[in-house]
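Chemist: A structural model of the following input is requested.
(2 chains)
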Amino acid sequence: MLSIAQELADKIVAHARADHPDEACGVIAGRNGVPERFIPMENAERSPTFYRFDSREQFRVWREMDDRDETPVVIYHSHTATEAYPSRTDIAYASEPDTHYVLVSTREEGEMEFRSFRILDGVVTEEEVEFLP
Amino acid sequence: MAIEVRIPTILRNYTDGAKAVNAEGATLDELITNLETNHPGIKNRLVDEAGGLRRFVNVYLNDEDVRFLGGLGTPVSDGDTVTVLPAVAGG
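Modeler: Numbering: from 1, shown residues only, chains lettered A, B, ... in the order given. Below you'll find the model as predicted:
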């Protein structure tokens, strides 16, 4: 299960809305599996169907997390025309076994899908999301 | 000559769980070949069939992406740190 502060979830949603129709992506860093620090990342692909962290920005962010004893507790991205479920490429490139992969969909203007998954060796497992006040 | 290579979680099954290992070589290519000697199988995760860096693997020399340096031909030397990070990407 992913337990996440409502405020952090709102930031993911706001980022996804702001970058629509391109996909938005980012990280929530934290310690002991608790998501704490919101880090919006640039989508180097600037694409409505694909995302990729900028490699230099990723290096800086990963080193900063290392220095602070943090891990990427959540890696999020948006789908802008399809449901919030991992695509084939999402599954193929998922490489963090301990990370919650959060997907949001901005395809409907009025409603937001917010879902979380574990992706391990090509197997997708959806998990419950608990929003903390 | 020893160069520290920092290994991401997903490749630590090749390094008995070690977060960093030492390797030798004058170029990144030689370094990866040396890495393969001690950690068989790891090269295939970094280099594709055509002999180039895999598209969804980022390799950094100190704090620069080697794609902005000389790719696999980039010279490396004692005291350098090479960091491997899987690209974070999807559709």
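
Chemist: Now do the contacts for A:Gly33.
Modeler: In this structure, A:Gly33 makes contact with A:71, A:73, A:98, judged by CB atoms under 8 Å, 6 or more residues apart in numbering or on different chains. C-beta here means a position set from N, CA and C on the backbone, and glycine is covered the same way.

Chemist: Check those residues for burial and list the buried ones.
Modeler: A:71, A:73 (16 or more other CB atoms under 10 Å in any protein chain shown).

Chemist: count of residues packed around residue 90?
Modeler: With no chain named, the answer covers chain A. When neighbours are counted by other CB atoms under 10 Å in any protein chain shown, A:Asp90 registers 21.

Chemist: actually it's chain B I care about, not the one you picked
Modeler: Counted by other CB under 10 Å, the residues lying close to B:Gly90 total 26.

Chemist: so it bridges to which residues?
Modeler: A:Tyr51 (DSSP bridges).

Chemist: confidence score at it?
Modeler: The model reports B:Gly90 with a pLDDT of 97.

Chemist: repeat for B:Thr9
Modeler: What the model reports for B:Thr9 is a pLDDT of 89.

Chemist: Distance-wise, check the residue of chain A positioned farthest from its centre relative to A:Val34.
Modeler: Most distant from the centre of chain A: A:Asp67, at 21.3 Å, with distances by CA atoms, centre = their mean. As judged by CB to CB, to the nearest Å, A:Asp67 and A:Val34 stand 18 Å apart.
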